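Enquirer: Structure for the following, please:
(chains A, B, C and D)
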Number of protein chains: 2
Amino acid sequence: MSIRHAILGFLSWKPFTGYELKKLFSDALTFHWSGNNNQIYGTLVGLHRDGAVSIEVQQQEKFPARKLYSITAKGREELRAWLLSEPVLPALRSMAHIQLAWADCLSAAELDALLDSYERQLEAQVLMCREAARRRAAGGAGHEAARGAAGDAVRDGSSPARSAREALIWTSIDENNLAFYDRELEWTRRLRAAAAALERP
Amino acid sequence: MSIRHAILGFLSWKPFTGYELKKLFSDALTFHWSGNNNQIYGTLVGLHRDGAVSIEVQQQEKFPARKLYSITAKGREELRAWLLSEPVLPALRSMAHIQLAWADCLSAAELDALLDSYERQLEAQVLMCREAARRRAAGGAGHEAARGAAGDAVRDGSSPARSAREALIWTSIDENNLAFYDRELEWTRRLRAAAAALERP
DNA sequence: CAAAGCATGTAAGCAGTTACATGATTGT
DNA sequence: ACAATCATGTAACTGCTTACATGCTTTG
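Expert: All right, here's what the predicted structure looks like:
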């Protein structure tokens, strides 16, 4: 399980409900998870079974009861152990690249259209990343993911004080995301130009 | 299904057996699939059920019978339709980044060790990519994936002639792969230096 | 009155992984 | 003797996805 550690990470800041965690994940552009119920709630059940989190059920008048999950000492140990474990290299498996790999089945115009479509999508993504990075830089305190209801909870006094180091890391990850798509965009443009140049020598 | 189109792509060059396709995938650093049996053989069954490939069983004296798969007109249509479809943006979901995101739980030394480990792995990966790119550039004719038994089959006269455009694309994908890890390496080094700088101001 | 928010959960499925199973043959 | 190659396939599992189900409240 992979999201398990990310959930423990959020819970290391402060207690959250499943619903809040779900928002945290689906709002966080930084690491794009769908934040679907099945995984969040299922993982929380597993974490509770393993004693990594404790549950406090809060009855509410006007809303359904909420289960507030807190990380336990055991959970912190697990998180720490994972943080100290060997990082795993990310795999770059892009279906768009596979598409290009056999684009020789396409005409020059069709290949150009394919690259154009990819380029446009990348441009949009770059804009989104830039906006997200700008907002985090402007917002100062709040994590990218920490907006909306859950965000308010994070920003209020009960949340752990953020160190300069953590701020540096989160900003770096944002920049990395942006640079990833930006580089891919530049690569696509170069490839497109080179492919076009082959047509008229 | 995702590998389905990649299999159709290989079969658009020339017929292959499941065993050869498996090697093609596990050897191809370009798009790193495990090339496991379950997926290859299962997908081939599905492709045959859908009439996208035809099977020729070849009895052999000294080796088990082999099923040689050829792409059909229907299969070519499916491949072409997919090639013309909207490319999907790759997602950058790196567990190492998630690890870093909560690295504030670690001491300065521990964070540095984590970044060092990541850096070393990236260095090794960059060397591998560089080697792969160099070999393809030197080999000229052969695709990265097209070595070993299946490679011989690809290189012999029955394989489709490769265009300058296809060569350009495959080389570009190799360079993209290399640049991806290279950029990640540079990013890691910068982050490491910045984190270290925070310690002694 | 409809849409969105709060809050929990289940069902079904896809894509991918490692590992197991068989059995002859060829190379070290 | 042991390992690798040739060649097929199965089993069990992980991680993730969309969509469904319920039901009450607040906002537009």
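Enquirer: does the closest residue to A:A91 other than its chain neighbours sit in a helix, a strand or a coil?
Expert: Once flanking residues are discounted, A:A91 sits nearest to B:H32: 5.7 Å by Cβ to Cβ, 6 or more residues apart in numbering or on different chains. In short, each C-beta sits where N, CA and C put it, glycine included. On the three-state scheme (DSSP: H, G, I helix; E, B strand; the rest coil), B:H32 is labelled coil.
Enquirer: Name the residue closest to the centre of chain A, please.
Expert: Geometric centre of chain A, nearest residue: A:F31, 1.3 Å, by Cα atoms, centre = their mean.
Enquirer: Is it correct that that one is in contact with A:I3?
Expert: No. A:F31 lies out of contact with A:I3 (Cβ atoms under 8 Å); the separation is 9.5 Å.
Enquirer: could you list every residue that touches the residue nearest to the centre of chain A?
Expert: With contact set as Cβ atoms under 8 Å, 6 or more residues apart in numbering or on different chains, A:F31 has these partners: A:A6, B:R93, B:S94, B:H97, B:I98, B:A101.
Enquirer: wait, what's in contact with A:R192?
Expert: For A:R192, counting by Cβ under 8 Å, 6+ apart, the contacting residues are A:D112, A:L115, A:D116, A:E119.
Enquirer: counting contacts, what elements does the helix or strand hosting the third one pack onto?
Expert: In the assignment (DSSP states H and E), A:D116 maps to helix A:108-139. When contacts are defined as 3 or more Cβ pairs under 8 Å, 6 or more residues apart in numbering or on different chains; DSSP states H and E, helix A:108-139 packs onto helix A:95-101, helix A:164-199, helix B:73-84.
Enquirer: Just send the ones you listed back as a markdown table, with mean pLDDT too.
Expert: What follows is the helices and strands packed on helix A:108-139, written out as a markdown table (pLDDT from 0 to 100):
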| stretch | mean pLDDT |
| --- | --- |
| helix A:95-101 | 95 |
| helix A:164-199 | 95 |
| helix B:73-84 | 97 |
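Enquirer: between these, which gets nearest to DNA strand C?
Expert: With Cβ to the nearest atom of the strand as the criterion, DNA strand C lies closest to helix A:95-101 of those, at 8.0 Å.
Enquirer: any residues touching the closest one, and which ones?
Expert: For helix A:95-101, using Cβ under 8 Å, 6+ apart, the contacting residues are A:114-115, A:118, A:191, B:2, B:5-6, B:9, B:30-31, B:82-83, B:85, B:87-90, B:169-170, B:172-173, B:176.
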